[in-house]
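**Student:** With the input below, show me the fold.
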Amino acid sequence: MECSESAMMQATSRRALLLGGASFAAWAYLPKFARAADGRDPRFVVMILRGALDGLATVAPLGDPDYAGLHGAIALRGDGPNAAVMLDAFFGLHPAMPEFARMYRAKQAAVVHAVATSYRDRSHFDGQDVLESGFPGPGRVQSGWLNRALEALPKGERVTSALAVGPTTPLVLRGTAPTVGWAPTALPQAADDTAMRLLELYQHRDSMLASALTQGLQLEKQAQGDDMKPKPGGGGAAAMRLVARGAAKLMAADDGPRIGALAFDGWDTHANEGGPVGRLAQLLGGLDAALAEFQNGLGARWRDTVIVAATEFGRTARINGTEGTDHGTGTIALLAGGAVGGGRMITDWPGLKPANLYQARDLAPTTDLRAVIKGVLHDQFGIAERVLAEAVFPDSVPVKPMKGLVV
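**Tutor:** Below you'll find the model as predicted:
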């Protein structure tokens, strides 16, 4: 029986990537970075947590006398069942993140608290636009700061063409610098014969598409394995772990990606957020597992890696009537990796007294997220401060790179 082109396209959508499913990841593919004189081969991963992470619930200021009253039933506690993991005498980490706690103790993870972008309203769409574009306000460009950072690298260390595959490419990686995409889906696995028949068809009809498909199949083979099959009922937490495992396999290769961005949805906890257990705990458990997958999958490359997890804005300091939190301002950024100068809480803590809250409702931001990212890009890849202020994060001269984030 003859197999139509349409049928083959449907059957190979998971393997071929050309019709790939979730917009979990889009990778900047930079083979063969010139290594530094000290032998470093740096990796950088950005995890975007879309929906606005409750920073006060993730890294709780247990030493602040106003915290427990504001967060009420979902507040973490320093003792008793499901107690927070104390990072110092003041801050406690959510118990759903034991891997991050282990990295923190090993000085391979750090927390930046009371952080925010330059955005001060509460629209997810606009907040994510600012977070990913790197511009002070929303709606100005259709390119992202990470793509512009790639352009700022020495020309000899970039490929000259790229492929971004999937329904969408995260704004942070849109632009003129080369990118290639990979994303696991839950669609059935196609037989090798079917994929090869589709490839043969394209070789006769569209050489550029055939080349793209070949590259996609190679990436998929490298990233996937028997342990990468989605498990029924795994949900968002399982998906985080799955995509991180595949991405780590790609990034561990000598000719694999050095720089990448992942976007994880679902952090909008207006209702039933939960405290030590519940909805947020499940999400944080998935994020924690994803960080562990990167460490395990990168192997020796972990020592030269920095991962930054960031969100568009925080959530209100006080819980609402449905035991959730509404859109806020200040939040946290998490750093992990063997190249992180870790074991530190980095914050100019503003306090949670009513007079200290931003607009009488939010954790007041005291650190600009751009300073954090600038510091990492400068120390990991040697991008000059002037280039960071003018090209990567335009109109940000007053925001200086944070020092000492990378060792």
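**Student:** Please, where are all the helices along the stretch 251-400 of the chain?
**Tutor:** Under the criterion DSSP state H, counting those that start in this stretch, the stretch 251-400 of the chain contains helices at 279-298, 369-381, 385-387.
**Student:** could you pull out the strands for the stretch 51-200 of the chain?
**Tutor:** Remark: strands assigned in the stretch 51-200 of the chain by DSSP state E, counting those that start in this stretch are 59-60, 85-86, 92-93, 109-116, 180-181.
**Student:** Tell me which other helices or strands the first one touches.
**Tutor:** In terms of contacts (3 or more CB pairs under 8 Å, 6 or more residues apart in numbering; DSSP states H and E), strand 59-60 is packed against strand 92-93. (Each C-beta comes from the backbone N, C-alpha and C, glycine too.)
**Student:** and if we set it to 10 Å?
**Tutor:** When contacts are defined as 3 or more CB pairs under 10 Å, 6 or more residues apart in numbering; DSSP states H and E, strand 59-60 packs onto helix 67-71, strand 92-93, strand 109-116, strand 331-336.
**Student:** if we can go back for a sec, so for residue 179, which of the helices of the stretch 251-400 of the chain sits nearest?
**Tutor:** Using CB to CB as the criterion, the shortest distance between residue 179 and these is 16.3 Å, found for helix 369-381.
**Student:** now the helices and strands packed on strand 59-60 in JSON lines, with mean neighbour count and distance to residue 241?
**Tutor:** Supplementary listing: these in JSON lines, determined by neighbours: other CB atoms under 10 Å; distance: least, CB to CB, whole Å:
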{"stretch": "helix 67-71", "mean neighbour count": "17", "distance to residue 241": "28"}
{"stretch": "strand 92-93", "mean neighbour count": "23", "distance to residue 241": "19"}
{"stretch": "strand 109-116", "mean neighbour count": "25", "distance to residue 241": "18"}
{"stretch": "strand 331-336", "mean neighbour count": "27", "distance to residue 241": "15"}
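**Student:** Next up, the contacts around the spatially closest residue to residue 90 that is not a sequence neighbour.
**Tutor:** Take residue 90 and drop its neighbours on the chain: the residue closest to it by CB to CB, 6 or more residues apart in numbering is residue 63, 3.6 Å away. Contacts here follow CB atoms under 10 Å, 6 or more residues apart in numbering; on that basis residue 63 touches 78, 86, 88-92, 349.
**Student:** Next: residue 55.
**Tutor:** With CB under 10 Å, 6+ apart as the criterion, the residues that contact residue 55 are 61, 111-116, 311, 313-315, 328-334, 363.
**Student:** Could you tell me how far it is located from residue 146?
**Tutor:** 22 Å (CB to CB, to the nearest Å).
**Student:** Just give the closest residue to the one residue sitting closest to the centre of the chain, not the sequence neighbours.
**Tutor:** When CA atoms, centre = their mean is applied to the chain, the residue found nearest the centroid is residue 47 (0.3 Å). The spatially closest residue to residue 47, leaving aside those adjacent along the chain, is residue 309, at 4.1 Å (CB to CB, 6+ apart).
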